[in-house]
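Trainee: I would like the atomic coordinates for the input below:
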Amino acid sequence: MEVGLLIAIGFALAFALTNGFHDASNAIATLVATRGATAGQAVVLSAVFNMAGAVLLGTAVADTIGKIVTVPQTQMVAVVGAGLAGATVWNLLTWWLGLPSSSGHALVGGLAGAAIADGILSGYGGLESVNWGGVEGWHPTGVIGVLIALLISPPLGFLFAFLLVRLLRRLSRRWTTRWNGPVRGGGWIAAAGLSFSHGGNDAQKSMGVIAVLLLASGHTEDLTVPLWAKIATGLALTLGTALGGWRIVKTIGQRIFSLTPVDSFSSQTSSTAVILGASLIGAPVSTTQVVASSVVGIGAGRRRWRHVRWEIVREMGVAWLTTIPAAALMAVVFLLIWRTAL
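Mentor: Numbers count the residues shown, from 1 in each chain. Model (predicted):
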C-alpha cells in the first residue's frame, strides 16, 4: 500500500482509539460510578460487547459516513487523512480536559473542513466538495443528515430516561434502596447492551472512512467494509476504553448528577434504545451526548433539578458547539501539512 494510504488508515484507527477514550467509556460510566462493577470488570464487559457490535451489527452507519466527502478520488486519501487527523487531535484535547465532546461531530467537522479547503486550494470546488444530503425516508445522508441524527438523539435519550425513571418510581411507589440489589444485575445487562450498540455505531465511523480510502486507492470496487477493518476498529475502541476512558467516566457518572443503581440501569437502557435504533437505520450518533442527556433526564425524572450540576452541563454544551468548527480548522492545518509533505 502507498505511504499516504497507510498513514490515513493509521489515523482512522487512532480516531477509533480516541473514540474509545470518549464514547466507549460512557457505555460503562454509570455502572462503575454506582459501584455496580469494578473498573476492570466493566472494561472486560465493554471490550467483549464492543467487539461483538462492531463485527455483527452491519455497516449501515459506515455507508452513511463513507458518502460525506465527494472530492475526486485522486484527492480522497489526503482529504480523509487530514480530516481524521483533525478529529483525532480534537478528541485527544477534549479527553485531556475531561470534556465529553462528540467524536461524531469531530469526524464530520474534520472531513467537511478538509474537503472544502482542498476543493478551494485545488480549484475544483469548495462547498461542492461535501455531500450535504438530508434525510431519505428514515435514512440520513450527507452532512445535514448526520447532523440531524446527532441533534435529535440527545433529546431522545433525555426523554426515554425521564419516562423510564418516572415509571420505575411509580412501580416502586417509594424510591427505596431495596431496588438497588436486583437492579445491579440488570445494570450489567444494560451496560452490555449499550456497549454492543456503541460498537455497532461508533466503530462503523472508522470503518466507513477506511472503506472510502480502500475504494479511492483502487484496493476495492465498492464501499464494502473488510473483516480486518471491523476487527481492527473494534480492538482500537476497546484499547481506548482501557487506556484513557476514566476521565470521561468521572464526568458522566459522578459530576453531572449523583446516581443510584436504578438510575444507572435507566440511563443505560434508554441510551441503548436510542443508539441501537440509530445503528439500524444508518444514523451516526454520539454515545457521549446520548448518555449525558439521559443522566440529565434522570435528574428531571426524579424532580431533582437543583441537584443537577448545570455548570458541568454548560461546559459540555460549549464543547459540543465548538467541536465541528474546531475539528474543521485542525483538519485544514493537517491538509496543508499533508499537501506539502506527501
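
Trainee: make it CA atoms for all contacts and neighbour counts henceforth
Mentor: Fine.

Trainee: give the contact list for the residue nearest to Asp118 when sequence neighbours are not counted.
Mentor: Distance criterion C-alpha to C-alpha, 6 or more residues apart in numbering; nearest residue to Asp118, sequence neighbours excluded, is Val79 at 6.9 Å. Applying C-alpha atoms under 8 Å, 6 or more residues apart in numbering to Val79 gives the contacts 111, 114-115, 118, 335.

Trainee: buried sites along the helix or strand harbouring Val79?
Mentor: Secondary structure assigned from DSSP states H and E places Val79 in helix 73-97. When burial is assessed from 16 or more other C-alpha atoms under 10 Å, helix 73-97 yields the following buried residues: 75-92, 94-95.

Trainee: what about that helix, average pLDDT?
Mentor: Here helix 73-97 scores 92 as its mean pLDDT.

Trainee: re earlier: between the contacts of Val79, which is closest to Val143?
Mentor: Within those, the smallest distance to Val143 is 9.6 Å, found for Leu111 (C-alpha to C-alpha).

Trainee: what about the closest one, distance to Gly66?
Mentor: Taking C-alpha to C-alpha, to the nearest Å as the measure, Leu111 falls 10 Å from Gly66.

Trainee: between these two, point out the one with more neighbours.
Mentor: Leu111 (30 against 24; other C-alpha atoms under 10 Å).

Trainee: give me the distance between that one and Gly86.
Mentor: From Leu111 to Gly86 the distance is 8 Å (C-alpha to C-alpha).

Trainee: shared neighbours of the two, anything?
Mentor: Joint contacts of Leu111 and Gly86 (C-alpha under 8 Å, 6+ apart) are 328, 331.

Trainee: show me where pLDDT drops low in the protein?
Mentor: Applying pLDDT under 70 to the chain flags residues 1, 23-27, 29-30, 100, 172-184, 244-259, 303-309, 311-313, 315-316.

Trainee: scan it for its longest helix.
Mentor: Using DSSP state H, we find that the single longest helix of the chain is helix 180-216.

Trainee: tilt between the helix or strand following that helix and helix 73-97?
Mentor: Heading C-terminal from helix 180-216, the first helix or strand you meet, by DSSP H and E, is helix 227-244. Here helix 227-244 runs at 20 degrees with respect to helix 73-97, directions being taken by axes from the mean of the first three to the mean of the last three C-alpha atoms, to 10 degrees.

Trainee: find the centremost residue of this protein, please.
Mentor: Central residue of the chain (C-alpha atoms, centre = their mean): Ser286, 3.9 Å from the mean position.

Trainee: for that one, what are phi and psi?
Mentor: Ser286 adopts backbone torsions of phi -110, psi 120, taken as degrees, to the nearest 10.

Trainee: that one and Phe15, how far apart?
Mentor: 14 Å.

Trainee: can you put the contacts of Val79 in CSV and add distance to Leu215 and secondary structure?
Mentor: CSV is the format used below for the contacts of Val79 (distance: C-alpha to C-alpha, whole Å; DSSP: H, G, I helix; E, B strand; the rest coil):
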residue, distance to Leu215, secondary structure
Leu111, 17, helix
Ala114, 19, helix
Ala115, 17, helix
Asp118, 19, helix
Leu335, 20, helix
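
Trainee: brilliant, that's me finished.
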